[in-house]
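**Q** give me a model of this one.
(2 chains)
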Amino acid sequence: MNALKVILPDGTEKEYPAHYSALDVAKEIGARLANAVVAAEVNGVIVDAFRPLAEVSDNPERINLKLLTDKDPLALGVMRHSAAHVMARAIMRLYPGVGLAFGPTTGHGFYYDFDLDQKISEDDFPRIEQEMANIVKEDEPFERFYLERDEAVKFTEGLKQELKTEHIRTGLKEHGKLSFYRQGEFVDLCRGPHVPAAGKIKAFKILSVAGTHWKGDQTAKPLQRVYGTAWFSQKDQDQYLEQIEEAKRRDHRVIGKKLGLFQINPDVGQGLCLWLPKGATIRATLEEFIKQELVARGYLPVYSPHIGRVELYETSGHFPYYRDSQFAPIFGHDAGRIIDYCINRLSGDEAGGLEAHEEEALLEAAKIMGFDATGYKPTLSKDEKIAVLRKWEKSQERYLLKPMNCPHHVQMYKAEPRSYRDLPVRLAEFGTVYRHEQTGELNGMLRVRGLTQDDAHLFCTPEQVEAEFADTLGLVKFVLQSVGLDDYRVQLSIRDPKSDKYVGSEENWNKAEGSLRKVLTESGLSFESCEGEAAFYGPKADFMVKDAIGREWQLGTVQLDYNLPERFQLEYTGSDNKQHRPVMIHRAPFGSMERFVGMLIEHFAGAFPLWLAPEQLRICTVTDKAIEYGQELAQIFRRNGFRVSVDNRSTKINAKIRDAQLELIPYMLVVGMKEAEDRTVAIRDRVESKDIGTVSIEEALAKFKEEVANKTIRQLTKSKFAQVAETAVTADNEY
RNA sequence: GCUGGCGUAGCUCAAUGGCAGAGCAACGGUUUUGUAAACCGUAGGUUGUGGGUUCAACUCCCUCCGCCAGCUCCA
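**A** A predicted model of the protein is given here:
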C-alpha cells in the first residue's frame, strides 16, 4: 500500500510505499540518480538518504523531498562529516584504544579530536590516509540506530569511550533517545547525517594536527585535533590545496618583510609594529584619503594622549572589564608601586603579612608621596591596613596606556555645555591604543598590542541616531569601495540575553538593537544577527569583508552606545531648555590601520594599486649618460606628487627591470640617450610586464595622475577560491 | 595563557655527536649596458639565551626569550 506522498522540488507529487527512503525514491527515478545521491533534504532538513522517509517527516501525506547529489554544497558538508568518521575509524585501527571526542565539519573540511597519549605527527599522515583509502575502497554502508539514554551509556561504556559517555551524561541531558552511526566495526555517537556508504568520499587529505582541550576548557583533558579536507573530486581538492598555497604566498608577514613594509622586532617588543618607510607611506596615504572624506562628512579632528587616569577607565567600565588584557597601570611616581605591591601582598591570592623591611619601604614611599604616614601602624589589622592603603592608592596618580579612545573623546564632549543645536558632534582621531593581548594571539600586523584605530565618536540626540548611523554605514561602504573591496556582508552583533557580562539597562539595549536593525534593513545591506557578539556596552554592526582569494576578514565596525553617556553623565540642553542625555556612536571603517594594511597586503599580494603603492615609479637609466636626465625626471614627477626613485646602478637594464618587477613597482620609466634627447619616457608596465610605449613627460604625468585620481585597480588575481563556497558547519558540539 | 612544532650569515636554506657551508643581498674592482639576473674578488657566525651531559654539542637534556600552527580570547 502506498502511504507516502512525496513532493519533489519541481512540484511533481508521487506516492511510495511506507518503508521507502529517499534512496529508494531515487532508485525508482533512475539508477544513475540513485548512484549520485549523497543525502536528502526533507522539509528543509538534511537527513540520511537511507533513512525511511516516514521516520524523518511529521506528515507522511506531505513530504517535500530534495535529493542531494555531489553537485550540491549541502551534500559536501554531509560527506565531510562522514570523512571525519572514516578518519576516526582509520585512526582507531592504527591506534587501538584511542578515545573519541568530537568530529565536526569546518568551512572547507573537517576535524576530529582524539584522546591519545601517543603523539600524532605529520609523518603519520600518509599511513592514516592509506588506511582511510582502504576504508573508502571497502565502501561499507553507514547505518543509523537509536539507543535509550541508559542503554547508550552502557553501550559507550562497553566501547570504553569515556568522553562519549561523559557527554551523554552531561552534555545531552535533554535527549531521551540518542542516535549512533555504525560503519563496519566503527560505531560513533553522532547526530548525522551521513552519506550512504564510504565510497562517496572521492578525495581527501589530512592537513594538520594541533592540540586542543575537551570542550575547549583549558583545565580539561588535552586532546589532539587532526584536521582534514574532503571533496567530491580530485580536481576540486587539488584546486583547494592550490588555494591554501596561494594564501601562504600572500602571507603579509612574508611579503611585508620582502618589500620592507613593516617589522615586528622582538627587541622592541612582542606585538609592537614598526612601520618602515614603505609601509608607513601606504598607511599615510590611506589616512590622508579618509581624513578628506571626514571633512566632507562634518567630522572634527581631535588628538588625545596615549595615557589616561585609571579612574577614567574605571568610569567607562573598560578597566574592570578588560583588566586581564591591559598593560598594568603606570604610577605617577615609582613609590606608588610599593603601595600597590603591599595591597596585593595583604589581599592577593597568596595573602600574608608584610615583612618588616616591606613596611619600612611602605612608610618611606608614603613620605615621598606626601601621605599622612601616621594613619598607618604596623599594629593595625590586615583589613584596616588595606583600607588605609586603598585610600593612599586612590589619592595618587595612576595611569593606563589607553586601551580605547572613547573616554578621552567623551571628556572633550563634556568640556563645554552642549545645546541640541550643536549636535551631532563628531570627533575623529587616528588614536593609538594598547592592549596586552595573549602571546598566542599575536599575529603579524593582524593582531598586535599597539594599534591605531581610525576612530571617531558621534554624540547625537536620540532622534538623530538613525540618520547618523545610516551615514556611518555609508562611510564604511564608501571607504571599502575605494580600495576595491566590494564583497562584504554585515554582522549585527547583539547581546546574549542569558549572559550578565553587559552593562546598561534592558530598555537601552532594546532601543539600541532595534535602531541598528531598522537602519541596517533600510540600508539594503545583507546582514545577519549574531547573538552574544556585542561589545559589553552596546550592539554593533561589523563588516565582514571578502578578499581576493575569498577569505573573510572582520574590518570596519559601527557601534551604538547608550551606556557610556550614562556612565559619564553626558548632557545637552534640549529645545525644551531641559537637560537630556545624548547617544554615542563609535565607528572605525578600517578597524585598525595595522590590521587593515595587513589585510590589504594579502588582498593585493603586495602589488598595490598606483595610488597606494609606496614607490609608484622607478626611473631606470640605460647608461650612465642618462643619469642626469633621469634625475631631472625624478624631480619633475616628485613635484607632481609622485613617489619616485632612480635606479642608476651600473648594472644592465635587464637587472634593473627584474628588480623593479620583483619589488612590485607599478611602472618603470626606462630612459636612455634617445629619451634624454627627445625628452620622453619609455613606460614599462609591471602588470603586463612589457614596454607600453614611449610618450612625452606631459603625457606620462597625465596618465599616472588619472590612474591615481581614479584609484584604479589594474590587477587583482581573483582566484577561483572565491567561488568555492564554504559549506555550513553541520555538526556543532552537541554530538 | 594552554598544547605541539621550530630557532644556523641581512634573506632563503645545508651540515643527524667529529674542521659551521651554499645561493642571493652587502662591500671593492672590471663592465656602460635598451625591457625579468654581466664578470672577478672581499667580507660576513660565541649556531636565539643561560646552564647541563660528553674527550668532543648546531646536533642530546633542562631554563628562559622569540617565532609558527591550533585552542582560548578579541573593547
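**Q** just for the stretch 201-350 of chain A, where's the confidence low?
**A** Filtered on pLDDT under 70, the stretch 201-350 of chain A yields the residue ranges A:348-350.
**Q** closest point of it to RNA strand B, which residue?
**A** The nearest approach of the stretch 201-350 of chain A to RNA strand B comes at residue A:211, 2.7 Å away (Cβ to the nearest atom of the strand). Backbone N, C-alpha and C define where each C-beta goes, glycine included.
**Q** who's that residue bridged to?
**A** Using DSSP bridges, the bridge partners assigned to residue A:211 are residue A:224.
**Q** check residue A:300 too.
**A** Beta-bridge partners, per DSSP bridges, of residue A:300: residue A:427.
**Q** quick one: contacts for it?
**A** A:425-428 (Cβ atoms under 8 Å, 6 or more residues apart in numbering).
**Q** out of these, who's nearest residue A:358?
**A** For the contacts of residue A:300, the residue nearest residue A:358 by Cβ to Cβ is residue A:427; the value is 45.3 Å.
**Q** would you mark the buried spots in the helix or strand where residue A:698 lies?
**A** Following DSSP states H and E, one finds residue A:698 within helix A:697-709. Across helix A:697-709, burial judged by 16 or more other Cβ atoms under 10 Å covers A:697, A:700-701, A:704, A:707-708.
**Q** pretty sure the residue of the stretch 201-350 of chain A closest to RNA strand B contacts residue A:223?
**A** Yes: if you go by Cβ atoms under 8 Å, residue A:211 and residue A:223 touch, sitting 7.3 Å apart.
**Q** those two: which is more packed in?
**A** residue A:223 (22 against 10; other Cβ atoms under 10 Å).
**Q** how about the nearest residue to that one, chain neighbours excluded?
**A** Nearest residue to residue A:223 in three dimensions, chain neighbours excluded: residue A:113, at 4.4 Å (Cβ to Cβ, 6 or more residues apart in numbering).
**Q** and the one you found, what are its bridge partners?
**A** Beta-bridge partners of residue A:113, as defined by DSSP bridges: residue A:225.
**Q** what number of residues are in the vicinity of it?
**A** Per other Cβ under 10 Å, the neighbour tally for residue A:113 reads 24.
**Q** against RNA strand B, how distant is it?
**A** 9 Å (Cβ to the nearest atom of the strand, to the nearest Å).
**Q** report pLDDT for that residue.
**A** In this model, residue A:113 is scored at 91, pLDDT.
**Q** tell me the contacts of it?
**A** So residue A:113 contacts A:100-103, A:212, A:214, A:223-225 (Cβ under 8 Å, 6+ apart).
**Q** where does chain A get nearest to RNA strand B, residue-wise?
**A** residue A:440 (1.7 Å).
**Q** ok so that residue is a helix residue?
**A** Yes: assessed by DSSP: H, G, I helix; E, B strand; the rest coil, residue A:440 belongs to a helix.
**Q** and the spatially closest residue to residue A:588 that is not a sequence neighbour, what does it touch?
**A** Leaving aside its sequence neighbours, residue A:588 sits nearest to residue A:453 (Cβ to Cβ, 6+ apart; 4.8 Å). When contacts are counted by Cβ under 8 Å, 6+ apart, residue A:453 touches A:405, A:430-433, A:588, A:591-593.
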